[in-house]
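Asks: Sequence and predicted structure, then a few things I'm wondering about:
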Amino acid sequence: MTPLEQKLEQLKLLTLSQHLEATLKEAATKNLSFAATLGSLVDFELEARNRRAVERRFRLSRLHAQPSIDTFHFQHHKSRMQSKSRILRLLDLNFLQEGSNVILIGNPGTGKTYLAQILGWRACQANVRTLFTSAMDMLNHLLASQVDHSLVRKLRCYTEPTLLICDELGYLSLDQQTSNLFYQVISTRAQPAQECGHYDKHSLLRVGQHPFQHHHRHRHCRPASGELRGFSAGWGKPTQSSEDPVTASGLIRLVLLRRRSVR
């Protein structure tokens, strides 16, 4: 190892160091300028760092898979074809730049979770901090944290990611305690924005079989026009719940106020 390569490794420019000798030989053969040679070396380093960043985002996201939109079979059901343009527009991730929330609603087996994973992996590839969790796992984790008084620290697991994907929320019947915990997650993600009069760019991707249960029980909380309903022509009646009305009303307001309008 040359002294220059040692210095590059001390600077943690490992990829640049690994490609140094071959790049210098190529530059001499092709009579490349110093700027072109240096540019090639920097490109190697940037590509490696971006690759490691994406790998780290994926590892911390809990996605466990890297699905592509190419594997989402739109021909599987006519409702998928009807929603295809709306689905493809989500892949541009503009809703993350806007800090908007996305709500995927449909019957079981219509591909909601798989689509959410596709969007999550897409966000990881864009070097966006992402977390995929089921509603039950998240709430059980937070409930357990109340025992050892670590709730504030555990909340950060769900409030700090730029994109939080909450799966299977519509299958749960939340009592007052779990409703309050879920409300804390949503309200904390929006808290900095409330103080300065606008909303911070944190997005919630919510997956469930039904819209928020209290849409039909609170006349002042209407369903979002941006809900992606194309997976199913009808969902059936929303299930009953013992959620606290005040908490539910506030939760709906926080989520829908920043909804993504998908037409």
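Replies: Structure's in. What do you need?

Asks: Could you use CA atoms for every contact and neighbour count after this?
Replies: Will do.

Asks: Okay, the most centrally placed residue in the chain and residue 117: tell me how far apart.
Replies: For the chain, the residue lying nearest the average C-alpha position, counting by Cα atoms, centre = their mean, turns out to be residue 163 (3.1 Å). Between residue 163 and residue 117 the distance is 12 Å, computed by Cα to Cα, to the nearest Å.

Asks: secondary structure class for residue 173?
Replies: Taking DSSP: H, G, I helix; E, B strand; the rest coil as the rule, one finds residue 173 in the coil state.

Asks: heads up, I number from 7, so please use that
Replies: From this message on, residue numbering opens at 7, which makes the last subject residue 179.

Asks: Enumerate every residue touching residue 183.
Replies: Under the criterion of Cα atoms under 8 Å, 6 or more residues apart in numbering, residue 183 has no neighbours.

Asks: ok, and for the strand or helix carrying it, which residues are buried?
Replies: Element membership of residue 183, judged by DSSP states H and E, is helix 182-202. For helix 182-202, burial by neighbour count (16 or more other Cα atoms under 10 Å) applies to 182, 184-197.

Asks: Just the closest of the residues you listed to residue 131, please.
Replies: Checking these against residue 131 with Cα to Cα, the nearest one is residue 195 at 22.4 Å.

Asks: which residues of this protein score low on pLDDT?
Replies: Low-confidence segments of the chain, defined by pLDDT under 70: 176-177, 197-207, 215-269.

Asks: Outline the domain layout of it.
Replies: What the record gives for the chain is the domain set 9-66, 68-262, from automatic domain parsing.

Asks: Might one say that residue 67 is in contact with residue 133?
Replies: No. Proximity of residue 67 to residue 133 does not meet the contact threshold set by Cα atoms under 8 Å, at 11.2 Å.

Asks: Am I right that residue 171 sits in a strand?
Replies: Yes. Assessed by three-state DSSP, residue 171 belongs to a strand.

Asks: Surely it touches residue 138?
Replies: Yes. Taking contacts as Cα under 8 Å, residue 171 lies within contact range of residue 138: 4.7 Å.

Asks: and for the two, which residues touch both?
Replies: Both residue 171 and residue 138 are in contact with residue 126, where contact means Cα under 8 Å, 6+ apart.

Asks: between these two, who's got more neighbours?
Replies: Set residue 171 next to residue 138 and count neighbours by other Cα atoms under 10 Å: residue 171 wins out with 29 against 23.

Asks: Now for the more buried one: which residues touch it?
Replies: Here residue 171 is in contact with 122, 126, 136-139, 210-213 (criterion: Cα under 8 Å, 6+ apart).
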